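Peer 1: Sequence and predicted structure are below.
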Amino acid sequence: MHPSDVLIELRESSVRFGDVTALAGVNFALRPGERVALVGSNGSGKTTLLRALHGQLPVSGERRVALDAAGREPTQAMVFQRPFLLRLSVWRNLMIGLWLAGVPAAERAGRATLALERVGLAEQRDRPARVLSGGQQQRLALARAWSVRPRVLFLDEPTASLDPHAKREVECLVEEFAAEGMTVVMSTHNLGQAKRLATRVVYLEAGRIVVDLPTSWFFDRALPEAAAQFVKGELPWH
C-alpha cells in the first residue's frame, strides 16, 4: 500500500525519447500541500518530470499514486506555458474541459461561473478564447484547471511569456490555490518566482535530480557547483 503521506512517487524512473535520455533513474515523492519548483537549464528534464508525475508519459521503473478510500487516484490538472484553447468562447472552453474531466452535467455551469469569477474573467465569458491577451489566456487555463477541483496542479513555465503585470496576476492565483490546500508542482526559469511560491526546490541537470531541498536551504546553503552556477546565472547555455 502506498504511504498515506505521499500522493505521487517515482522510483528509479527513466524516460527515453529514441536515443535521448530525458530522465535518468529519478526518485521523487510528492506530499500533500507541497509547492515544488523544478529548476534547471533548458533540456535538464523539468517538463519531462512534470509529465511523468502527471502520468502523461510512460516511465521505466515505478510510478506509484496514492488512492483514496474509493480506490481513485487524486484529481490532477496541468497548465502549459502556451495553453491549448479551442476556437470557441471562453465559456465553451471551460464547459468542454469540465465535460472531458467527467464532471456531472448538472454541476458544469456552476463550476464554470465560479471559475471565471475566481480568475477575473467573468466579463469575458462570451469572447473567443483565442483573442484574449496572453495573461488572460493563462488565467483562463488556470480557471479550467481549478474548475475540476484538482488535488494536484502541474504548471509548466506558466508565466514565461507574460509581461510583469500578467505574471504577477498568475502568481497570485497560484498562491491562492496553494493556500486552499492544492498541491502544486511547477517548472520555472525564474528563481525569484521559485523563492516566492515554492516550499521546496528541485534542481535538475541532464535528466537527473541533483538538488532537492526546502526553498530556504536551496538559496541559503552551499550547493553542488553546477547548481550554484545556475543560481548565480553563470551556468552555460545548453
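Peer 2: Arrived safely, thanks for sending. Residues are numbered from 1 along each chain as shown.

Peer 1: tell me which residues in the longest helix anywhere in the chain are buried?
Peer 2: In the chain, assigned by DSSP state H, the helix with the most residues is helix 164-179. Using 16 or more other C-beta atoms under 10 Å as the test for burial, helix 164-179 gives Ala166, Lys167, Glu169, Val170, Glu171, Leu173, Val174, Phe177, Ala178. All C-beta spots, glycine's among them, are computed from the backbone N, C-alpha and C.

Peer 1: repeat for stretch 67-86
Peer 2: Pro74, Gln76, Ala77, Met78, Val79, Gln81, Pro83, Leu85.

Peer 1: Restricted to strands, list those residues.
Peer 2: Judged by DSSP state E, these include Gln76, Ala77, Met78, Val79 as members of strands.

Peer 1: Please, where are all the helices along this protein?
Peer 2: 46-54, 90-100, 105-118, 134-147, 164-179, 191-197, 215-220, 225-232.

Peer 1: Contacts only, for Ser138.
Peer 2: Just so we're on the same page, residue 138 is Gln rather than Ser. Val79, Pro83, Pro158, Thr159, Leu162, Ala166, Val170 (C-beta atoms under 8 Å, 6 or more residues apart in numbering).

Peer 1: Return the item of the residues you listed having minimum pLDDT.
Peer 2: pLDDT is lowest at Pro83 among these; the value there is 89.

Peer 1: Could you verify my assumption that that one touches Leu140?
Peer 2: Yes: with contact defined as C-beta atoms under 8 Å, Pro83 counts as touching Leu140 (7.1 Å).

Peer 1: Could you point out which residue ranges in this structure have low pLDDT?
Peer 2: 1-4, 234-238 (pLDDT under 70).

Peer 1: try it again with 90
Peer 2: 1-5, 67-74, 81-83, 160-161, 221, 226, 229-238 (pLDDT under 90).

Peer 1: Enumerate the positions of stretch 179-186 that are buried.
Peer 2: Quick answer for stretch 179-186 (16+ other C-beta under 10 Å): Met182, Thr183, Val184, Val185, Met186.

Peer 1: can I have it written out in CSV, keeping just the CAs?
Peer 2: Provided in CSV are the C-alpha atoms of stretch 179-186 (Å, rounded to 0.1, in the frame of the first residue of the first chain):
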residue,chain,number,x,y,z
ALA,A,179,-3.4,28.4,0.3
GLU,A,180,-6.6,26.4,-0.2
GLY,A,181,-4.6,23.2,0.1
MET,A,182,-3.9,22.4,-3.5
THR,A,183,-0.5,20.7,-4.1
VAL,A,184,1.5,22.5,-6.8
VAL,A,185,4.4,21.4,-8.9
MET,A,186,5.8,23.9,-11.3
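
Peer 1: what distance separates that stretch from the centre of its chain?
Peer 2: 9 Å (C-alpha atoms, centre = their mean, to the nearest Å).

Peer 1: before we move on, what about stretch 35-54?
Peer 2: Put simply, stretch 35-54 sits 9 Å off its chain's centre (C-alpha atoms, centre = their mean).

Peer 1: For the residue lying closest to Arg144 once chain neighbours are set aside, list the residues it contacts.
Peer 2: Spatial nearest neighbour of Arg144, chain neighbours left out: Gly97 (4.3 Å); criterion: C-beta to C-beta, 6 or more residues apart in numbering. Contacts for Gly97 (C-beta under 8 Å, 6+ apart) come out as Arg144, Ser147, Val148.

Peer 1: Now the second one: closest residue in space that isn't a chain neighbour?
Peer 2: With C-beta to C-beta, 6+ apart as the measure, Ala115 is the residue that lies nearest to Ser147, at 3.9 Å, once sequence neighbours are left out.
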